[in-house]
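**Student:** Sequence plus the predicted model coming up.
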Amino acid sequence: MATQWRRKSMAALTMLLALTLMLGIVAAVSAYADEEITLTPSTEETRIKFKYDDKWFYQGLVGTDNQGRHYYCIEAGKMTDRAIGSTTFVQNTVEARRMAWILSKYHDVDAETHAAISVIVQDNFGKMEDAWNGHRAALKEQHPNVIDLAEKLWNESADKVPAKAQVIRTETESPHSGAVEVAVMDSLGNPIAGVKYTVTLKGPAHFVGNGDNTFSGISEETAESLSWESDGEGEVTAEVSYDCEQLIEADSAQDMVALANSITQDGVSATFEVGRSIFQPSVSTRVTDKIIEKGDSVSDEVTSKLESGQWDTGMKVLASGYYFDGIDADDLGKTITPMEYETTAEFLERLASDGHKPVAYGRASFEHPEQTIQVRAVTEIDGEKEYLAKQNSDFGTWVWAFERAVQDDNVKKYMEGDWTSSFLEPSETNLTRRSIEVSSQVTEQLVEIGSDLSDTITVSGFPEKHGSFAGNEKYEFDADLPYAQVSVWWSGDADDSSNHDAYEPSTEKVPDKEDANHKLVAQWNVPAENGTYKVGAGQKDAEGKAITITAERSGWYVFVWSFDGDDRAALVSSRYDDAQERTYATELELELREEPEPEEELKQPEVTTTSKQLGKTGSAVLLLSGIGVSVLSVGIMMLAAIKRRSL
C-alpha cells in the first residue's frame with residue numbers, strides 16, 4: 001500500500017515539475033518578445049571600414065544577442081543603437097533559406113567574411129536600395145575582394161538548401177512488404193544531403209528495423225529507401241517533413257536580420273495500398289499521321305502497357321494526353337524527360353517555364369494492358385470541340401500520362417503513382433505543312449514583239465528560314481526543297497495571228513505538254529521563301545544567272561510560279577488563267593502604197609486602226625504607233641498606215 005502511495009506521489013511531483021518548466025519556457029518566450037534586448041557590439045575583428053561621401057562606415061557584423069545570434073544591417077547608412085525591439089519571421093522563400101544556410105555555416109569567421117555576408121544581406125533583403133547602391137560601389141572600389149567573396153558564398157548556397165521533400169513508394173513484389181524512397185531536394189529537383197527529415201506511416205504498416213511507424217534521418221545526396229511491412233490490409237499514407245532554417249527581422253533604429261531557430265516543413269506525401277497488389281500502368285504511342293495539313297484534325301494511336309504489379313480485370317484507368325505545337329525545327333532532338341520524383345503536374349509546369357504549353361488534349365480509358373485506342377485532339381480537357389491544325393502549328397508533339405489524381409477511388413489507391421511520357425519523342429511528333437500564298441503582276445499587259453517581259457511576284461506563308469531545314473531521319477521528316485520555279489508559257493496560233501484569242505489561257509493548270517499552240521518558253525529556279533521579287537529584266541535566278549524574257553512572236557505570254565511542296569510547305573502554283581499574269585504581244589508593220597500625181601490636190605492620209613480586247617482583263621487598247629508624212633521634192637507623198645499582223 002505504501003509502495004502504491006509513493007508511486008502516486010512521484011507521479012504527481014513529476015507532473016508538477018513539468019508544469020513548472022513549461023511555465024518557465026512560456027515566461028521566457030514572452031519576455032523575449034516584450035523585453036528590449038541590447039546587442040553586444042561588433043569589434044574590429046568582425047567588420048571592415050570604407051569611405052563613402054567623405055564619411056567612414058562599417059560593413060560587417062552589427063552585433064550579437066545573448067543567444068549568440070549574429071545581426072546584420074538591412075538599412076544602409078542609418079545609425080544603430082543596437083537596441084532590438086520586436087522580431088518577425090522573414091518570408092520563408094528559397095532566398096531566405098539560402099541566407100539562413102550561410103549564416104549557419106559561416107558563424108565564426110573573419111572580418112572580410114562578415115563583410116561579405118552583410119553584402120549578401122543587403123543585396124537580397126535591404127530596404128534602402130538607392131543608399132545601398134552607393135555604398136556597394138564604394139565597397140567594390142575599396143574592397144573588391146569582399147564583393148567577390150559575397151558572390152562566391154551566395155553561389156555556394158544555391159544547391160545547399162531544401163526546397164521540398166518527397167516520399168515515393170517503390171515497386172514491390174509482395175503487397176505485404178515494400179519500401180518508400182525519401183529525398184530532400186533543392187530548387188532544381190536534385191537530392192541534397194544534411195537535412196533532418198521524418199517519415200510517418202499512417203495506416204496498417206510499420207518500418208522494418210525499429211518496428212515503429214515513424215523514422216527520422218539525415219538526407220543524403222541520393223534518395224534513401226526505407227523498408228516497410230504491412231500490418232493488415234488498407235490504405236497507408238507516408239507523410240514526410242523536414243527541418244528548414246529561417247530568418248528573423250529585428251525592429252531597431254537600423255533594422256537587421258539574423259538566423260532564427262529552424263522550423264519543420266511538410267513535404268510531398270505518398271499514399272498506397274497494402275495487403276493487395278499495387279500496379280503502375282504506362283502507354284506506348286504513335287501519331288496517326290506524321291504530316292498533316294492546315295485545318296486537319298490531330299490524332300494519336302495510344303496503347304496501354306503495364307510497368308509493374310498486377311492490373312486487375314475490370315479496373316478502368318484513364319490516360320491523359322497533352323498536345324503541344326508551334327515547335328521550331330531547331331528543337332528536334334531536344335527531348336525533355338520527367339525526373340524521377342516529378343509528378344505529371346510538375347513536369348507540365350516545367351515545360352511551361354520553357355515556353356511549351358499544351359494547345360489541345362486527349363483522353364483514353366483502358367481496361368487492360370495492350371489495348372489500343374485512337375484519340376482525336378480536342379480544344380479543352382474532356383471537351384468535345386475538335387482541335388484543328390493551324391498555319392503556324394509547325395512541329396507538334398504529344399505527352400501522355402497516367403495521373404493518379406484523376407483516377408476513380410477504386411483505381412487511385414492501387415496505382416503506384418504518376419507515369420508521364422517524355423516531351424518531343426520521335427514517335428509522338430508530327431508536322432503541320434504550311435499553305436503558301438502567291439500573287440503577281442506582269443509589268444506590262446500589252447507589248448510589241450521584241451519587248452522584254454517581266455513579272456513581280458509576292459510569296460507568303462513559308463516557315464521562317466525555309467530552305468535551311470536539312471531534315472531529321474530519327475523523326476522521319478525530309479529536308480526543305482530550297483527552290484520554287486517560275487516558268488513562262490506562250491500560247492496562240494502560229495499561222496494566224498487573228499486567231500490568237502482562241503488560245504487565250506483559260507484553265508487553272510498549265511498544259512500537260514507542249515504542242516503547236518502551247519510552248520514552254522523558259523523556266524528558272526527561284527528561292528522558295530517569303531518576299532517580293534522581280535522575274536525578268538535582268539534579275540538573277542537562284543543560280544545567279546540573269547533572267548531575260550523576250551517576246552519573239554505575237555500571242556499570249558503567261559508567268560507561272562510553282563512549288564512542288566515538301567514536309568514543311570504544301571505544293572502550290574499560281575493559276576495559268578490569271579489575267580494579272582499574262583502579257584499580249586503584237587507586231588506593228590509600216591506599209592507603202594501609190595499616191596496621186598503631184599499636180600493633183602493633196603489629200604489627207606487615211607489611217608486604219610484596230611483594237612485588241614485583252615480577253616478577260618476588260619481592257620481595250622487602240623493599236624496605233626503613229627502617222628508619218630513626208631513630202632518629197634518631186635511632189636510624191638508617202639502615206640503610212642499601221643496595222644497589226646502576226647509573225
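**Tutor:** Now that the structure is in, tell me what you want to look at.
**Student:** Kindly state the pLDDT recorded for residue 601?
**Tutor:** pLDDT recorded at residue 601 is 45.
**Student:** Sketch out the low-pLDDT regions of the chain for me.
**Tutor:** 1-36, 169-174, 276, 588-647 (pLDDT under 70).
**Student:** mind giving me the domain split of it?
**Tutor:** Domain assignment for the chain, taken from automatic domain parsing, gives 1-31, 37-159, 164-274, 282-433, 437-587, 589-645.
**Student:** Reformat the ones you listed as JSON lines; add mean neighbour count.
**Tutor:** (C-beta placed from N, C-alpha, C; glycine too.) Below are these laid out as JSON lines (neighbours: other CB atoms under 10 Å):
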{"stretch": "domain 1-31", "mean neighbour count": "10"}
{"stretch": "domain 37-159", "mean neighbour count": "17"}
{"stretch": "domain 164-274", "mean neighbour count": "18"}
{"stretch": "domain 282-433", "mean neighbour count": "18"}
{"stretch": "domain 437-587", "mean neighbour count": "17"}
{"stretch": "domain 589-645", "mean neighbour count": "12"}
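**Student:** List the contacts of residue 164.
**Tutor:** 184, 185, 267, 268 (CB atoms under 8 Å, 6 or more residues apart in numbering).
**Student:** try 6 Å this time
**Tutor:** 185, 267 (CB atoms under 6 Å, 6 or more residues apart in numbering).
**Student:** in the stretch 101-250 of the chain, which spans are strands?
**Tutor:** 164-169, 177-185, 196-202, 205-207, 214-218, 224-230, 234-244, 247-250 (DSSP state E, counting those that start in this stretch).
**Student:** Switch those over to CSV; also include distance to residue 102.
**Tutor:** Shown next, in CSV, are the strands of the stretch 101-250 of the chain (distance: least, CB to CB, whole Å):
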stretch, distance to residue 102
strand 164-169, 20
strand 177-185, 18
strand 196-202, 19
strand 205-207, 35
strand 214-218, 20
strand 224-230, 26
strand 234-244, 14
strand 247-250, 10
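**Student:** Among the ones you listed, which comes closest to residue 430?
**Tutor:** Set against residue 430 and scored by CB to CB, these come closest in strand 164-169, at 32.9 Å.
**Student:** Can I get the closest one as CSV, trimmed to CA atoms?
**Tutor:** Taking C-alpha atoms only, strand 164-169 is exported to CSV below (Å, rounded to 0.1, in the frame of the first residue of the first chain):
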residue,chain,number,x,y,z
LYS,A,164,10.9,20.3,-50.8
ALA,A,165,11.0,16.7,-49.5
GLN,A,166,9.1,13.9,-51.2
VAL,A,167,8.1,10.3,-50.5
ILE,A,168,7.7,7.9,-53.4
ARG,A,169,6.6,4.3,-53.0
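**Student:** Could you figure out how far it is turned away from strand 196-202?
**Tutor:** Orientation note: strand 164-169 sits at an angle of 40 degrees relative to strand 196-202 (axes from the mean of the first three to the mean of the last three CA atoms, to 10 degrees).
**Student:** Now do residue 350 against residue 184, distance only.
**Tutor:** 19 Å (CB to CB, to the nearest Å).
**Student:** same thing with residue 106?
**Tutor:** Residue 106 is 22 Å from residue 184, by CB to CB.
**Student:** what packs against the helix or strand where residue 447 lies?
**Tutor:** In this structure, residue 447 is located in strand 446-448 according to DSSP states H and E. Packed against strand 446-448 by the contact rule (3 or more CB pairs under 6 Å, 6 or more residues apart in numbering; DSSP states H and E) you find strand 582-591.
**Student:** Show me where this protein has its helices.
**Tutor:** 2-34, 94-105, 111-125, 129-142, 144-156, 344-353, 409-412 (DSSP state H).
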